[in-house]
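K.L.:
Curious how this folds, go ahead:
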Amino acid sequence: MAAMAPPSAPPAEVPSYFLCPISLQLMRDPVTLPTGISYDRAAISRWLASPASSTCPVTRQPLEPELHLTPNDTLRRLIGSWIATLAPGSGLDEEEVAALRPLHRDELASLLSDAAAAQVGALRKLGELAAESDHRRAMLESQDGVFDVLSRVLTGDSACSTAREEAVGVLASLRIPEQDLARIVSRHGNLASSLTAVLRSSNLQSRAQAVRLVRALADVAVPAWVIGLELELLAEVIRVVRDRVSTRATKAALHALSALCPYGRNRVKIVGAGAVPALVELLLDEPERRVCELALAVLDRLCTCAEGRAELVAHAAGVAVVGKKVLRVSEAASERAVRVLRSVVRHAATPAVLQEMAQSGVVGKLCLALRSELCGVKTKEKVHEMLKLHSRVWRSSPCLSPKFLALYPS
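P.N.:
Numbering: from 1, shown residues only. Down below sits the predicted model:
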């Protein structure tokens, strides 16, 4: 007679307070709203991302915009302790159980040791841990030598392209202290070329992660590193903007370009790498408010050099699209657009450019800005300066309304 199989463990009954009120699933990364209700981070983030969802799903109390989600570490530890008591075959998803079991330091050290040997599986697992929750990401960030190991994989000659991409992904997901970022720059002379290689990847996610890392490095790097960047890296950052890899990647690329051009030499290089046409084409696509503000901020910096202004006025839609953003997007966008136009009017005002500004409605828009409550005092001062500087030319244009003549009589 055949032996009977041992009975399987009964399905585990999950305590109700471990379940997310939205998804009704066991919470992996519990966070608490100001209303005192805890949710799984992924579920509440999706809820808050909806324009129509500005209340707590349970209490229906209104929530402030740009809400901060507070990690509920106590609840997470309770869930982890409960998971640790479960017998095999408890009925829960194995991946879910693995994500919630307590992570020990020796496991993390072992993974990091494998990652140091450029093992793709270990690097991928580190990335998954960093993405699972703030708690596990913080554990990884506090592990001794983590940033040095990942940067050595990124810049090492023996690592394959997949390992480099995985290392960039983990680094981009971590909050790297400034001193560690500076140390990465000083220790690895081929860092820029390694990042360039990842930015040239066909993997869109890797490109997005690489440009986020470039942004972090640009914010803290020493001037010598920033000034010494090769045209190839700058061109690849600009290509992320041109290719519209993702909204997040576009914002990171724009932040990086802004941080990389405080020095005149770098501005000329960034212009030479094709930044101005890429920014104009981005603005023509009517991007979201924040992307528009960042693009205009970079244009403002680039137009402080003659090469940047020449590229802008040479583009068939350059001056017109900048003028179009005045009074259309936000007060910050109007201020930056006016600064760009002021640079053009003061330093690149050929008769053809002045005529284009009148015919494309830019001058009329400036007249409206002068009387609008949506522009600040300093912005209006710049507008007045521009209009007064070339009023004799613009007065004769048939494209302007009589109001301009009243503002600036001969």
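
K.L.:
switch to C-alpha atoms for all contacts and neighbour counts from now on
P.N.:
Fine.

K.L.:
any weak-confidence spans in the stretch 51-200 of the chain?
P.N.:
For the stretch 51-200 of the chain, the stretches with pLDDT under 70 are 51-52, 86-104.

K.L.:
quick one, strands of the stretch 51-200 of the chain?
P.N.:
70-71 (DSSP state E, counting those that start in this stretch).

K.L.:
Quick check: nearest residue in space to residue 191, chain neighbours excluded?
P.N.:
residue 155 (5.8 Å; Cα to Cα, 6 or more residues apart in numbering).

K.L.:
Please apply the same query to residue 148.
P.N.:
That would be residue 184: by Cα to Cα, 6+ apart, it lies 7.1 Å from residue 148.

K.L.:
That neighbour and residue 157: what is the separation?
P.N.:
16 Å (Cα to Cα, to the nearest Å).

K.L.:
So those two - more neighbours on which side?
P.N.:
residue 184 (19 against 12; other Cα atoms under 10 Å).

K.L.:
Residue 287: what's it in contact with?
P.N.:
Contacts for residue 287 (Cα atoms under 8 Å, 6 or more residues apart in numbering) come out as none.

K.L.:
Check for me that it belongs to a strand.
P.N.:
No: per DSSP: H, G, I helix; E, B strand; the rest coil, residue 287 lies outside any strand segment and is coil.

K.L.:
and the gap between it and residue 78?
P.N.:
Distance from residue 287 to residue 78, by Cα to Cα: 44 Å.

K.L.:
Contact partners for the residue nearest to residue 191?
P.N.:
164, 188, 190, 191, 194.

K.L.:
Thought residue 185 was touching the fourth one, still the case?
P.N.:
It stands for residue 191. Yes: when contacts are counted by Cα atoms under 8 Å, residue 191 is listed as touching residue 185 (6.9 Å).

K.L.:
Next one, pLDDT for residue 397 please.
P.N.:
What the model reports for residue 397 is a pLDDT of 66.

K.L.:
And for residue 408?
P.N.:
55.

K.L.:
can you start the count at 48 instead of 1 from here on
P.N.:
Yep, numbering from 48; the last one is residue 455 now.

K.L.:
wait, what's in contact with the residue positioned nearest the centre of the chain?
P.N.:
The chain has residue 299 as the residue nearest its centroid, 3.4 Å off, counting by Cα atoms, centre = their mean. Residues near residue 299 by Cα under 8 Å, 6+ apart: 258, 259, 262.

K.L.:
and it, which of the three is it?
P.N.:
helix.

K.L.:
Show me where the stretch 348-457 of the chain has its helices.
P.N.:
353-361, 365-371, 378-394, 398-406, 409-418, 424-436, 438-442, 449-454 (DSSP state H, counting those that start in this stretch).

K.L.:
Is it possible to get those helices out as TSV so that each row also shows mean neighbour count and distance to residue 247?
P.N.:
Below are the helices of the stretch 348-457 of the chain laid out as TSV (neighbours: other Cα atoms under 10 Å; distance: least, Cα to Cα, whole Å):
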stretch	mean neighbour count	distance to residue 247
helix 353-361	20	25
helix 365-371	21	28
helix 378-394	22	31
helix 398-406	16	37
helix 409-418	20	38
helix 424-436	17	40
helix 438-442	17	47
helix 449-454	13	50
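
K.L.:
Looking at the contacts of residue 299, which is nearest residue 180?
P.N.:
Residue 180 lies nearest to residue 259 out of those, by Cα to Cα, at 19.5 Å.

K.L.:
From what I see, that closest one and residue 219 are in contact.
P.N.:
Yes: counting by Cα under 8 Å, residue 219 is a contact partner of residue 259 at 6.1 Å.

K.L.:
show me the contacts for residue 404.
P.N.:
366, 367, 410.

K.L.:
could you redo the residues you listed as JSON lines and give each row distance to residue 314?
P.N.:
Putting the contacts of residue 404 into JSON lines (distance: Cα to Cα, whole Å) gives the following:
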{"residue": "366", "distance to residue 314": "19"}
{"residue": "367", "distance to residue 314": "22"}
{"residue": "410", "distance to residue 314": "28"}
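
K.L.:
of the residues you listed, the lowest pLDDT goes to which?
P.N.:
Within the contacts of residue 404, lowest confidence goes to residue 410 (89).

K.L.:
Setting the sequence-adjacent residues aside, check what's closest to that one.
P.N.:
residue 404 (5.8 Å).

K.L.:
Same check on residue 293?
P.N.:
residue 255 (7.4 Å).

K.L.:
any idea how far the one you found lies from residue 177?
P.N.:
For residue 255 relative to residue 177 (Cα to Cα), the value is 17 Å.

K.L.:
And those two? Which one has more around it.
P.N.:
For residue 255 and residue 177, the more surrounded residue by other Cα under 10 Å is residue 255, and the numbers stand at 27 against 22.

K.L.:
My reading is that residue 68 lies in a strand. Confirm?
P.N.:
No: read with three-state DSSP, residue 68 is coil and lies in no strand.
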